[in-house]
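When you get a sec, could you give me coordinates for this:
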Amino acid sequence: RPPPRRAPRPAAAPAAAPAAGGKDVEDAPAAKKAMAEAGLSRDQVTGSGKDGRVMKHDVSAALAAAKSAPAAAAPAAAPRAPVAAEDAAREERVKMTRLRQTIAKRLKDAQNTAAMLTTYNEVDMTEVMALRSQYKDLFEKKHGVRLGFMSFFTKACVHALKEVPEVNAEIDGTDVVYKNFVHMGIAAGTPQGLVVPVLRDVDQKSFAEIEKEINEKGKRARDGKLSMAEMQGGTFTISNGGVYGSLMSSPILNPPQSGILGMHKIQDRPMAINGKVEIRPMMYLALSYDHRIVDGKGAVTFLVRVKEALEDPRRLLMDL
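Residues are numbered from 1 along each chain as shown. Next comes the predicted model:
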């Protein structure tokens, strides 16, 4: 005759673990309390007591290990959509360079971190172009370097940053760090990718010193000879998409900076001047800024000051 059926055994409590011999082990009450307070599950703690029993010091060890463990890796990018076989045969896959990977990461970090906003204005380049045309030969003869537009824009930005210092500042936690100097990043495209050599203390330099340094660092950037130190420490950046024909764009911040000025193509356009239509060489300007630290009023004021300095370069001489 078959033996009578036994009633099913109740499920083990969550804090109990099966021992090697197959029977359940009750964890120490202090350990169960510590796991509950820390939000740890039983399988996250390795017991050191008899038959694998979890003791209170085991919970402390698990918490310490969790704190010292490296942060979880970022979620992987979404897999690529399927490609038709006839298209795949005509594709070419090339590994991104380390420089391109770094550029991509930094630009995406800027979008994810800063509250980016862009404001626009336009500048009449008549006076700057006339001044450059008048003195370029004499300038090159004396200083051994051509007079370009970048020194005018650099000087105009330095002038505007004095009035709106938050554009030259950065956020560090809950602090705003104001810089009593200007290290200007000048974005340059190279065969290897976009690089931003930094001109240190441009607020203390002359037009000739700025032009010489821009030329020297631009050449070394194209040759791939810039050091990492020469691309770090910038407090503000100028990007000139106009050399490629860009009419307007929204530049992305170069973290941890709070502002970047975008220059664009100079284009003749009909403008209303004193009630008459005249053809003037115009350029759109774009200032992208971190709205967490720079208010709209400050951003617009900065861009207006740059516009005023370029439309009347004598303001730079008289610090107006």
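
So Leu213: helix, strand or coil?
To be clear, residue 213 is Glu; Leu isn't right here. helix (DSSP: H, G, I helix; E, B strand; the rest coil).

give me the number of residues near it?
Close neighbours of Glu213, defined as other Cβ atoms under 10 Å, add up to 21. C-beta coordinates here come from the backbone N, C-alpha and C atoms, glycine included.

what's it in contact with, if anything?
By Cβ atoms under 8 Å, 6 or more residues apart in numbering, the contact list for Glu213 reads 199, 205.

Also Leu226?
Leu226 is in contact with 195, 197, 217, 220, counting by Cβ under 8 Å, 6+ apart.

Checking the nearest residue to the last one once chain neighbours are set aside next. Helix, strand or coil?
If I follow you right, that is Arg220. Closest residue in space to Arg220, ignoring its immediate chain neighbours: Leu226 at 5.3 Å, by Cβ to Cβ, 6 or more residues apart in numbering. Taking three-state DSSP as the rule, one finds Leu226 in the coil state.

and Leu226, what pLDDT?
Per-residue confidence (pLDDT) for Leu226: 80.

Equivalent analysis for Pro29, please.
Confidence for Pro29, expressed as pLDDT, is 82.

What about it, how many residues nearby?
10.

how close does it sit to Ala38?
15 Å (Cβ to Cβ, to the nearest Å).

Ok, Arg222 next?
For Arg222, the distance to Ala38 - Cβ to Cβ - is 56 Å.

Also Ile186?
Ile186 is 52 Å from Ala38, where distance means Cβ to Cβ.

between these two, which one's more packed in?
Ile186 (24 against 14).

who's in contact with the more buried one?
150, 154, 196-199, 214, 217-218, 237-238.

quick one: buried residues of the longest strand seen in the chain?
Among the segments of the chain that qualify as a strand by DSSP state E, the longest is strand 276-290. Judged by neighbour count (16 or more other Cβ atoms under 10 Å), strand 276-290 contains these buried residues: 280-290.

Repeat that for stretch 295-307.
Neighbour counts over stretch 295-307 (16+ other Cβ under 10 Å) mark 298-299, 302-303, 305-307 as buried.

what pLDDT does Ala13 get?
Note on Ala13: pLDDT of 44.

distance of Arg132 from Phe139?
Counting by Cβ to Cβ, the gap from Arg132 to Phe139 is 8 Å.

Overlap in contacts, these two.
Leu147.

Mean pLDDT per helix and strand in this protein: which one sits at the bottom?
strand 16-18 (a mean of 52; mean pLDDT, DSSP states H and E).

closest to Gly49 among the buried residues of strand 276-290?
Among the buried residues of strand 276-290, Asp290 lies closest to Gly49 (Cβ to Cβ), at 53.9 Å.

I'd say Gln257 and Gly234 touch.
Yes. The pair Gln257 and Gly234 qualifies as a contact (Cβ atoms under 8 Å) at a distance of 6.3 Å.
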